[in-house]
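Engineer: With the input below, show me the fold.
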Amino acid sequence: MKRKKGAYALTGRHLVRHENQHDNDVSNMLGWFHKHFKRVSSSPHEGEPEHRNPPSTSFARSPSPFPSALKPTTNPLQSALTSSMRWSRKYDVFVCHSSEDTDIEEAVRLVSFLESSPQSLRCFLSHRDACPGSAIATELCQAVQDSHCRALLITPNFLQDNWCKYIMHQALSEPMSSRNIPVIQNLAFSEYPLELKYIFYIDLNKNTNGYTLVSQSVLNYLEDQVEKEKALECNTTPPARE
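Structural biologist: Alright, predicted model coming up:
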């Protein structure tokens, strides 16, 4: 009976030890499962698409290997203002006006606007840029040829000025009518010159942004000329050898 009791006691000690070891094993296993499932839950499940919030920049949506913001873009206006075509002529705009004080003041305001930033167009103003003592007819005709566009400030005084009408006919002698920008002021339509009836004009009495329209007309012309120049270069470029 004693041996059985001892065996029972020994067995009881073993049971207690095994129970403690079992509890430790269960605790370790639960800890391993906790870590494992925590790691798995934080990563996408296999076979499912990964859902992430898109980045705040547009780079991640760019289909090309380079960020779209870093792609070189061509600004047509900037290309026109820096092109060699523009600098092939001395002036961007020839401003023709009468010698009356009111017309001179209006022409000065127009030129001041055109020459200001950001476009900084180059203007020819006769009473400012003509050389004193020179042959006025020759110099004015040369300035017309050296200008991309011609802004004609047509007023009642303009139509009474022989020099203005002479310059107007010189400007209209070329077929490229888009170079000529009639700007009328204090003039009834019935008084409008027949030579300019079918040309787009800007009425300063009806357009508070008339100066802006003149500037935009010049820039549109320069942009068109740059595009034509590029198209001509593409057509004349010989094909590459294979």
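Engineer: Just say helix, strand or coil for L152.
Structural biologist: Secondary structure of L152, reduced to three states by DSSP: H, G, I helix; E, B strand; the rest coil: strand.
Engineer: which residues does it contact?
Structural biologist: With contacts defined as Cβ atoms under 8 Å, 6 or more residues apart in numbering, L152 is in contact with C96, F158, C164, I167, M168, A171, N180, I181, P182, V183, L196. Heads up, the C-betas are built off the backbone N, CA and C, glycines and all.
Engineer: what's near enough to touch the last one?
Structural biologist: Each residue near L196 by Cβ under 8 Å, 6+ apart is listed here: L152, I154, M168, L172, N180, P182.
Engineer: Just the terminal-to-terminal distance for stretch 119-139.
Structural biologist: Using Cα to Cα, to the nearest Å, the end-to-end distance of stretch 119-139 comes to 26 Å.
Engineer: JSON lines for the contacts of L152, including distance to A135, pLDDT and secondary structure?
Structural biologist: Output for the contacts of L152, formatted as JSON lines (distance: Cβ to Cβ, whole Å; pLDDT from 0 to 100; DSSP: H, G, I helix; E, B strand; the rest coil):
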{"residue": "C96", "distance to A135": "17", "pLDDT": "95", "secondary structure": "strand"}
{"residue": "F158", "distance to A135": "22", "pLDDT": "96", "secondary structure": "helix"}
{"residue": "C164", "distance to A135": "18", "pLDDT": "92", "secondary structure": "helix"}
{"residue": "I167", "distance to A135": "14", "pLDDT": "87", "secondary structure": "helix"}
{"residue": "M168", "distance to A135": "19", "pLDDT": "88", "secondary structure": "helix"}
{"residue": "A171", "distance to A135": "19", "pLDDT": "81", "secondary structure": "helix"}
{"residue": "N180", "distance to A135": "24", "pLDDT": "91", "secondary structure": "strand"}
{"residue": "I181", "distance to A135": "26", "pLDDT": "93", "secondary structure": "strand"}
{"residue": "P182", "distance to A135": "27", "pLDDT": "92", "secondary structure": "strand"}
{"residue": "V183", "distance to A135": "27", "pLDDT": "95", "secondary structure": "strand"}
{"residue": "L196", "distance to A135": "27", "pLDDT": "80", "secondary structure": "helix"}
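Engineer: Hmm, R89 is touching V144, no?
Structural biologist: No - with contact defined as Cβ atoms under 8 Å, R89 does not reach V144; the gap is 10.6 Å.
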